[in-house]
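Participant: this one's sequence-less:
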């Protein structure tokens, strides 16, 4: 082509035969006009085009005939879960979820009725949930990881909450509910059931589970910049719950949950130090105890990575987490984390030296608004654990 | 197609040393790319995901280093359906700059606006209206977090792009109350899944609830007038449209698209990608052609359309493997300069600054073949356009953004001025910036742009005159007094430490005409 060009360019031109540039351009266009073709899309382009144009992702999320498929979200320890929800109305939704370990959850939720003012919020839900192999290692901070057992837990719940957005960042409200739990022999084929390893005296309410009427209040002061993927701000959560045993009058207790989160950004929020402290404290009256399956727990993907889910249980729990997160590129943050936590019979028994510790690293696949996939690898004196979750840790 | 390419090459790209190849119509100032009637053209929309993928993970277009193809023999871009030489070539008055592409005053307030369509999905609510004159406008809003930001950026950048020569829509700032809006009987709304249903007043209320409302209950928006003609899809920054006979220069070799890199850097138009362009079929039956537009300037200056511009914007592609791996491997201890850049707190501006700005390092959201192909000649051309705006002109255009905070307005104008100077300081000095040649009383006069703009000292120039032998292409030194021999091509070599510029002249009708410039 270059040779042809040079030949054409170097050749002396006689004025009489000169073709002007304008004429040459016109000829080139006339020549192209003889060979016009419609634009074509490659296979990949067509697929991606249809994905967007036909809104296939949105339609998938929107569901089919009112059904919305979704992943994850049953409960800790359930394994990979999936499910579908169904919009009965804009406010009323029903859902069913299953996991590879046989966990199931069925729920109907009624949220924010249209007659409620913007500043008020309300939610009522009823659910049935079964966890065939919820793990139990014993009660206390020094239990043996070899004593891993499991039990079946079924919860039937009716619960509601109503509250007010008292300020832009502040929600306060009250909650109440009814909880009917059944505990039975664990279904895992790999580990023994609780009753095979532990004495019934160590397992309050193993032989008969009380039904609870629950009441309480909550406060949520949320100053995070983006709740689904926070990079700055703080959050304070407090929740008080009173569990009233309606059957035996032996298992009444109070529960206090507090959580503080702080996000310290630097380098234009491309680096974040994320800190969290949370604690669950319980209080029982004289002669009262807490069913073993209702005890606050510690361990697993949400608070003490490097340990198994539900690794520690007791009447009181405290956990602190620190993460250094840095952006690898727009869609991925990497994190180094350190977790520490303890369970204790009394808050007075919390000791720094008794803290169980874990550390590790993680990958957070995200958009500006939310983390949609989290892979954390935690290490502790009990080994390494890998967690894959469809959401952020905090 | 190959033949067309060759023809295109030999048509415009002329090594000036070969003076005998100048044609009688050189330099060409009008590329009549509306000459062939466009009979059958398909509306072809692009997949923005595909566009991102092929440019981020593959190579598109011809990235072979070569000069731009649609440049005339004096190194300029002829007027065409893509570009019209405006302010940098023929000075526009302040009034013309401020008016930009606008032919009126925006949607008429004499009657209600009938909303004829809306979209509820996504994070940028908006709708289409028809005013009492029957004109159709797209109404776009600011994000609630940054009142005035996206609308100001859209209006200001529209004026700049128009003055620089590009085809752009008429974008007006509009202020209205809810009472101004009526739902048209035939109006529809498209929901998140693409389903269409009749639009209701309630839908409008829901949309407006998501946008900023001022204390006097007014909404501020950009009213973007519907372009004249029939939309046939975006143009890409590479290749040509196979169904447009007039489109013969591969887009990655068009100077106005290569040089756009410099302009986009100045205005931080990080969203300069195919999806923000539009081809319109215009003209009458028998004389139809495609006009090429740049659209959607909501993500310019400090605006990222739906929020303040991302700190990465302009500094790094969305996906770049090397820095990604470096950040992972160093636990984030290593990073690029942009993570440490400070921005003043002006919500109506977003993230825009000049102190750290490096014009040569600036990048759009993902690789753009035309930008990648930009040569020093292309970027010089772009810088010449950017630096054609005086401080007063920049301030006048910024004022059209109607920012309520005077400090923000001053900051924005100052930032643009400083960025303009950085653009000029870098790209006007990569080559010799002797330019604006004129023959006055038989003598060749020129200006040194960089020094004239106080961007660089004026170097000492030496000037030599030559006559070019048409038959052999050889040259011989001549005295200036010997100029003007009919039929001869003359060349003036202007040399300084910045390099050499060769200017070709020929005698025509008793006058010396500048016919070629080689930098």
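Facilitator: Received it, and whenever you're ready, just let me know what you need. Values in this document were obtained by computation on a predicted structure and should not be read as measured data.

Participant: around chain A, which positions in the stretch 301-450 of chain B sit nearby?
Facilitator: Within reach of chain A by Cβ under 8 Å from any Cβ of the partner chain, the stretch 301-450 of chain B has these residues: B:307, B:310-312, B:318-320, B:323-324, B:327-328, B:331-332, B:335, B:338-341. The way it works is simple: take the backbone N, C-alpha and C, and place the C-beta from them, glycine included.

Participant: I'd like to know how many residues surround the residue in the stretch 151-300 of chain B that chain A sits nearest to.
Facilitator: Closest approach between the stretch 151-300 of chain B and chain A, counting by Cβ to the nearest Cβ: residue B:245, at 3.6 Å. Residue B:245 has 27 neighbouring residues, counting by other Cβ atoms under 10 Å in any protein chain shown.

Participant: for it, give me phi and psi.
Facilitator: Main-chain dihedrals, residue B:245, degrees, to the nearest 10: phi -60, psi -20.

Participant: how about residue B:422?
Facilitator: Per degrees, to the nearest 10, the backbone of residue B:422 is at phi -70, psi -40.

Participant: which residue packs closest to it, ignoring adjacent ones?
Facilitator: residue B:359 (5.4 Å; Cβ to Cβ, 6 or more residues apart in numbering or on different chains).

Participant: isn't that neighbour up against residue B:429?
Facilitator: No: look at residue B:359 against residue B:429 with Cβ atoms under 8 Å: they stay out of range, at 11.5 Å.

Participant: picking that back up, out of the residues of the stretch 301-450 of chain B next to chain A, which end up buried?
Facilitator: B:307, B:310-312, B:318-320, B:323-324, B:327-328, B:332, B:335, B:338-339, B:341 (16 or more other Cβ atoms under 10 Å in any protein chain shown).

Participant: point out where the chain drops to low pLDDT.
Facilitator: Since you didn't name a chain, this refers to chain A. Scanning chain A with the threshold set as pLDDT under 70 gives A:1-16, A:113-117.

Participant: right idea, wrong chain: chain B
Facilitator: Counting by pLDDT under 70, chain B has low-confidence residues at B:1-20, B:120-123, B:470, B:483-486.

Participant: spit out the contact partners of the residue of chain B found nearest chain A.
Facilitator: Using Cβ to the nearest Cβ, residue B:332 is the residue of chain B that sits closest to chain A, at 2.9 Å. For residue B:332, the contact set (Cβ atoms under 8 Å, 6 or more residues apart in numbering or on different chains) comprises A:271, A:324, A:326-327, A:334.

Participant: repeat the analysis, applying 6 Å as the threshold.
Facilitator: Neighbouring residues of residue B:332 by Cβ atoms under 6 Å, 6 or more residues apart in numbering or on different chains: A:271, A:326.

Participant: enumerate the residues of the stretch 51-200 of chain A near chain B.
Facilitator: Taking Cβ under 6 Å from any Cβ of the partner chain as the contact definition, the stretch 51-200 of chain A meets chain B at A:52, A:55, A:58-59, A:62.

Participant: does the residue of the stretch 151-300 of chain B closest to chain A really touch residue B:34, like I thought?
Facilitator: No: between residue B:245 and residue B:34 there is no contact under Cβ atoms under 6 Å: 10.6 Å.

Participant: once you drop chain neighbours, what's closest to residue B:497?
Facilitator: That would be residue B:459: by Cβ to Cβ, 6+ apart, it lies 5.1 Å from residue B:497.

Participant: residues near that neighbour, how many?
Facilitator: 16.

Participant: could you do residue B:95 as well?
Facilitator: Neighbours of residue B:95 under the rule other Cβ under 10 Å: 8.

Participant: do the one 5 residues further on as well
Facilitator: Counted by other Cβ under 10 Å, the residues lying close to residue B:100 total 23.

Participant: and what about the nearest residue to it once chain neighbours are set aside, helix, strand or coil?
Facilitator: Among residues not flanking residue B:100 along the chain, residue B:159 sits closest, at 3.9 Å (Cβ to Cβ, 6+ apart). With DSSP: H, G, I helix; E, B strand; the rest coil as the basis, residue B:159 sits in helix.

Participant: ditto for residue B:90
Facilitator: Residue B:90 falls in the coil class when you classify it by three-state DSSP.

Participant: on that earlier part again, give me every residue that touches the residue nearest to residue B:497.
Facilitator: Contacts of residue B:459 by Cβ under 6 Å, 6+ apart are B:496-498.

Participant: measure it to residue A:123 for me?
Facilitator: 75 Å (Cβ to Cβ, to the nearest Å).

Participant: kindly report the same for residue B:83.
Facilitator: 58 Å.

Participant: which of those two has more neighbours?
Facilitator: Per other Cβ under 10 Å, whichever of residue B:83 and residue A:123 has more neighbours is residue B:83, with 22 against 17.

Participant: spatially nearest residue to the more buried one, not counting backbone neighbours?
Facilitator: Using Cβ to Cβ, 6+ apart, the closest residue to residue B:83 is residue B:256 (4.2 Å).

Participant: in the sheet, who's paired with residue A:154?
Facilitator: residue A:130, residue A:182 (DSSP bridges).

Participant: what's the answer for residue B:138, then?
Facilitator: Beta-bridge pairing of residue B:138 under DSSP bridges involves residue B:128, residue B:224.

Participant: for residue B:59, what are its contacts?
Facilitator: By Cβ under 6 Å, 6+ apart, no residues touch residue B:59.

Participant: element containing it?
Facilitator: In the assignment (DSSP states H and E), residue B:59 maps to no helix and no strand.

Participant: just checking, residue A:281 touches residue A:314?
Facilitator: No: contact criterion Cβ under 6 Å: residue A:281 and residue A:314 do not qualify, at 10.7 Å.

Participant: looking at those two now, which is surrounded by more residues?
Facilitator: Taking other Cβ under 10 Å, residue A:281 and residue A:314 do not tie; residue A:314 has more neighbours (23 against 17).

Participant: please report the distance of residue A:349 from residue A:201.
Facilitator: From residue A:349 to residue A:201 the distance is 21 Å (Cβ to Cβ).

Participant: what number of residues lie near the residue in chain A that chain B sits nearest to?
Facilitator: Closest to chain B within chain A is residue A:326: 2.9 Å, counting by Cβ to the nearest Cβ. Number of residues near residue A:326 (other Cβ under 10 Å) recorded here: 21.

Participant: doesn't it belong to a helix?
Facilitator: No: under the criterion used here (three-state DSSP), residue A:326 is strand, not part of a helix.

Participant: excluding chain neighbours, what is closest to it?
Facilitator: Using Cβ to Cβ, 6+ apart and skipping the chain neighbours, the partner closest in space to residue A:326 is residue B:332 (2.9 Å).

Participant: ramachandran coordinates for that neighbour?
Facilitator: phi 80, psi 10.

Participant: please identify which helix or strand holds residue A:247.
Facilitator: Residue A:247 is part of no helix or strand when elements are defined by DSSP H and E.

Participant: please look at the residue of chain A closest to chain B and residue A:271 and confirm they touch.
Facilitator: Yes: the pair residue A:326 / residue A:271 is scored as a contact, 5.1 Å apart, by Cβ under 6 Å.

Participant: now the helices for chain A?
Facilitator: In chain A, the helices defined using DSSP state H lie at A:2-10, A:21-33, A:43-53, A:56-62, A:194-197.

Participant: swap in the stretch 301-450 of chain B?
Facilitator: B:321-329, B:369-372, B:376-386, B:391-399, B:406-427, B:449-452 (DSSP state H, counting those that start in this stretch).

Participant: winner for burial among those?
Facilitator: Mean neighbour count (mean count of other Cβ atoms under 10 Å in any protein chain shown) peaks for helix B:376-386 among the helices of the stretch 301-450 of chain B, with a mean of 24.

Participant: chain center to it, what's the gap?
Facilitator: With Cα atoms, centre = their mean, to the nearest Å as the basis, helix B:376-386 stands 12 Å off its chain's centre.

Participant: noted, bye for now.
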